[in-house]
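[1] based on what follows, work out the 3D shape:
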Amino acid sequence: MSDVVRVLLVDDQELIRTGLRGILRSRFGFEIVGELTDGAGVVEAAASTRPDVVLMDVRMPGVDGVTATRRLREEPGAPPVLVLTTFEDEEVLAGALRAGAAGFLLKGVPAEDLQRAVREVAGGGAWLDPAVTARVLRAYRDGGPTTAPAPEADVLTPREREVLALVGAGLSNTEIAQRLVLGEGTVKTHIGHVFAKLDLRDRAAAVVWAFDHGLVRPGGR
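    This is a model prediction of the structure:
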């Protein structure tokens, strides 16, 4: 990813998109590469515009954000999705996580928080809005597929636990590498080992696991 974060906006409300354009301006290091009013054309738009992140509303006519996220994340090399919504609906947001979203943010947050969230998700991180994280994680667990009990943290090395805690706190691979004074390749290797040992599907699942096992707490960033 270059210094400029390329963003694809998906929201049915013109007023919201106008506000987002104002917050995600070039002077702040962003470029809006496309806009959609529902999720129907997300896969095609992402393929043609090649964004670093998709900023996705969940409540839209036609194809909703959860369905669009699922379709997009099934594509090889798909960009990460940050869900943005006015609805404090934990079931919907949990569904977005299960569909493969890298995180969620409530509309109305300060501009600086939105900018930071977009940058972190674009850089390979995850972002869970602390205002509703606890409820969303509960809904995520309750509504997810039935699986065997997850392995405990003792299957991880101390370094892998450290890396997972930072993933859970929403740090990108670059930030983790800087924090632990490691190469990014080494961080990716550790994350791969964590995913394999804990049978985690993606980064959002890793964040949920880290919260569930006390490695990080809602609001702890």
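
[2] with adjacent residues omitted, what lies nearest to the spatially most central residue of the chain?
    Nearest to the mean C-alpha position of the chain, by Cα atoms, centre = their mean, lies residue 102 at 1.7 Å. Once flanking residues are discounted, residue 102 sits nearest to residue 80: 4.2 Å by Cβ to Cβ, 6 or more residues apart in numbering. Backbone N, C-alpha and C define where each C-beta goes, glycine included.

[3] that neighbour and residue 121 touch, don't they?
    Yes: counting by Cβ atoms under 8 Å, residue 80 does reach residue 121; the two are 5.0 Å apart.

[4] show me the helices in the protein, by range?
    14-23, 42-49, 65-73, 90-99, 111-122, 133-143, 158-168, 173-180, 184-198, 203-212 (DSSP state H).

[5] now mean pLDDT too, for those helices, in a markdown table please.
    Shown next, in a markdown table, are the helices of the chain (pLDDT from 0 to 100):
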| stretch | mean pLDDT |
| --- | --- |
| helix 14-23 | 93 |
| helix 42-49 | 96 |
| helix 65-73 | 93 |
| helix 90-99 | 83 |
| helix 111-122 | 92 |
| helix 133-143 | 72 |
| helix 158-168 | 91 |
| helix 173-180 | 91 |
| helix 184-198 | 93 |
| helix 203-212 | 80 |
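
[6] what's the closest of those to residue 152?
    helix 184-198 (9.3 Å; Cβ to Cβ).
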